[in-house]
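K.L.:
Return a 3D structure for these sequence lines:
(one chain, ligands or ions: 1)
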Amino acid sequence: ARVFVLNGVNLGALGTRRPEVYGTLTLGDIERRLRERFPKVGFEFRQTDYEGEMVGFVHEARESDGIVINPGAWTHYSYALHDALEAVEGVPKVEVHLSNVHAREPWRRHSVISPAVEAVVAGMGPYGYEVAVGYVLGRSEARRG
Ligand code: DQA
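P.N.:
Numbering: from 1, shown residues only. From the prediction side, this is the model:
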C-alpha cells in the first residue's frame, strides 16, 4: 500500500517547537517510527510551510491508498486545503493533531478540514499518526473486498 503522510505549516520545527505541547520527537523521528511499525507500507512523507505546495501534495495523493494529514494552523482557516481534500475521492483520509485541540485556545476547536476527511485524531501525540495509518490500511483493504 502507498500512504501519504502530509505535515503542514510549522510542523518541520517539531522537537524544538513548544515541546510541552507537541513533544520532543522531531518529524524525522515520527516518520522513522512509522516506517518501523509498518515496514510493508510505501510511505510518501511530505512537509511544507506553503499552502499551494500542500494542495499539490494532496492532488499527488489522488491514486494512493490513504492520506494522513496534519495541516497545522491551516486546519482552522484553509478552505483551499479543504477543497483539495474534498476533490480527492475514494481515498481514505484522516486528519491528525498531536495536541488535543479541544483543550486549548477556543479558535483551535474549529476545523474547516474535518468535513473533507473520514476521521480525526487529536491529543495522542506521535501515536496519533500510527493510529491514523492503521485505520487507512484497514479501510483500503475493506475497499478491495
Ligand atoms: C496542530 C494543532 C494546530 O492548532 C496548530 O496550529 C499546529 C499543530 C497539532 O498537531 O496539534 O500547528 O495541528
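K.L.:
going forward, measure contacts between C-alpha atoms and count neighbours the same way
P.N.:
OK.
K.L.:
Which stretches in the protein count as strands?
P.N.:
2-7, 42-47, 66-70, 93-97, 119-122 (DSSP state E).
K.L.:
out of those, nearest to residue 112?
P.N.:
Proximity to residue 112 (Cα to Cα) singles out strand 93-97 among these, at 10.9 Å.
K.L.:
which strands and helices sit next to the closest one?
P.N.:
With contacts taken as 3 or more Cα pairs under 8 Å, 6 or more residues apart in numbering; DSSP states H and E, strand 93-97 sits against strand 66-70, strand 119-122, helix 127-144.
K.L.:
just to revisit the earlier point, pipe the strands of the chain into CSV and attach mean neighbour count, distance to the ligand and mean pLDDT per row.
P.N.:
Putting the strands of the chain into CSV (neighbours: other Cα atoms under 10 Å; distance: least, Cα to the nearest ligand atom, whole Å; pLDDT from 0 to 100) gives the following:
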stretch, mean neighbour count, distance to the ligand, mean pLDDT
strand 2-7, 22, 9, 98
strand 42-47, 16, 12, 98
strand 66-70, 26, 5, 98
strand 93-97, 25, 3, 98
strand 119-122, 18, 7, 98
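K.L.:
For residue 125, give me its contacts.
P.N.:
22, 23, 97, 98, 99 (Cα atoms under 8 Å, 6 or more residues apart in numbering).
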